[in-house]
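Student: The amino acid sequence is not available; the structure is as follows:
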């Protein structure tokens, strides 16, 4: 009988498994099940509910707890972490990691891990984390989080809300005295659009962020430099990465998204995030020949330090074997790209003009599945 594979999906910063029926990994589970079935490989796929902004160490401990309570005694384990979730996975499998859990059980579970796939993960840090660690950044991040949940559910924000967010990010220097009130008004407006049950769940989710948000300070390049010094790849585990790069915003991208006022306002937020997401200095290791070849195949070049997916520098996302690289934004890889005719429908996180589509989504997760099912070396 074929062995049963256990695949765990780990969300990123501000991520969640599900809020009132809204899923973080949109359609990913169904697609992976389809690919595993095509390969005649039995699989169980689970989302890990995780503290949205807790420290990487506490998030990795939660990965352990979730796996321990559900995996059973047999079968290989595969970890797929989006964004910060990839760091959680790497720390979880680090030999002798100190996670404040039973070390014997931790060793037993981590030794069963066959693959770790990091997806748009800041493996060398994300400069944008420094801004979101500030008082103003924390307020804006709260609005963006609710706006993202809203978009996942309804397809797009009310035009008035999107236009106001666009105005905020283009007038930050003028809002010193009004920052908190303007963003609070936006937050209240968006929250009012949900029914009472969803409002309670979203507020509880954001409260958990406020109570435990140590990850923001850890995700800076300096913080991840320290993490990398304290972690190591586990022998016998294969590591792979999915890398994304968005188009640099400018007149070309503005034209490509059309004249729709909503998409233009959304693009303003994307321009703001892209400007924060790049790195001013190249602090990344030289890609291996295999990585460099794959990057050139995908982009025609090895990306520069300032190129990113709207959140994480593209070069920061490399770790291990490069499984897939494409033009796309930070949440396209999780199924949040524009494909409204699909069942269930897919909606864009932001209007970026990258053109990520369903065939690319299928190809991405097919590559990840092939990597997980490859026989051990």
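Tutor: Thanks, I have it. Computed from a predicted structure; not experimentally measured. Numbers count the residues shown, from 1 in each chain.

Student: low-scoring stretches of the stretch 51-200 of the chain, by residue?
Tutor: 142, 147, 149-195, 198-199 (pLDDT under 70).

Student: any chance you could map the helices in it?
Tutor: 56-68, 84-93, 103-110, 128-132, 135-154, 159-170, 179-192, 196-211 (DSSP state H, counting those that start in this stretch).

Student: likewise the stretch 251-377 of the chain?
Tutor: According to DSSP H, counting those that start in this stretch, the helices that the stretch 251-377 of the chain contains are 251-256, 261-277, 289-299, 358-373.

Student: Quick one: closest of those to residue 13.
Tutor: Minimum separation from residue 13 across these (CB to CB) falls at helix 261-277, 13.2 Å. (C-beta placed from N, C-alpha, C; glycine too.)

Student: Would you mind listing the buried residues in that closest one?
Tutor: 262-277 (16 or more other CB atoms under 10 Å).

Student: Out of those residues, the closest to residue 110 would be?
Tutor: Nearest to residue 110 among these: residue 277, at 31.4 Å, using CB to CB.

Student: Looks like residue 278 contacts residue 126 (just checking).
Tutor: No. Using CB atoms under 8 Å, residue 278 makes no contact with residue 126, being 10.0 Å away.

Student: overlap in contacts of those two?
Tutor: Both residue 278 and residue 126 are in contact with residue 313, where contact means CB atoms under 8 Å, 6 or more residues apart in numbering.

Student: between the two, who's got more neighbours?
Tutor: residue 126 (29 against 19; other CB atoms under 10 Å).

Student: And the more buried one, how far from residue 366?
Tutor: Using CB to CB, to the nearest Å, residue 126 is found at 27 Å from residue 366.

Student: Residue 232 is in contact with residue 94, isn't it?
Tutor: Yes. Using CB under 8 Å, residue 232 is in contact with residue 94, at 5.8 Å.

Student: List of residues touching stretch 354-367?
Tutor: Contacts for stretch 354-367 (CB under 8 Å, 6+ apart): 27-28, 31-32, 35, 242, 246-247, 256, 323-324, 326-329, 332-333, 335, 337-339, 342, 346.

Student: Quick one: mean pLDDT for that stretch?
Tutor: For stretch 354-367, mean pLDDT is 92.

Student: contacting residues for residue 327?
Tutor: Residues near residue 327 by CB under 8 Å, 6+ apart: 244, 245, 246, 247, 299, 354, 355, 356.

Student: related to what we said a few turns ago, of the contacts of stretch 354-367, select the buried ones using a PyMOL command.
Tutor: Of the contacts of stretch 354-367, the buried ones go into a single PyMOL selection, burial set by 16+ other CB under 10 Å:
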select buried, resi 27+28+31+32+35+242+246+247+323+324+326+327+328+329+332+333+335+337+338+339+346
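
Student: Inside strands: which ones of the contacts of stretch 354-367?
Tutor: 242, 323, 324, 326, 327 (DSSP state E).

Student: Report the spatially nearest residue to residue 44, omitting neighbours in sequence.
Tutor: Counting by CB to CB, 6 or more residues apart in numbering, residue 44 lies nearest to residue 6, which is 5.5 Å off, once chain neighbours are set aside.

Student: by contact count, what packs against the helix or strand harbouring that neighbour?
Tutor: Taking DSSP states H and E as the criterion, residue 6 maps to strand 5-10. Applying 3 or more CB pairs under 8 Å, 6 or more residues apart in numbering; DSSP states H and E, one finds that strand 5-10 contacts helix 28-38, strand 43-47, helix 56-68, strand 77-82, helix 84-93, helix 358-373.
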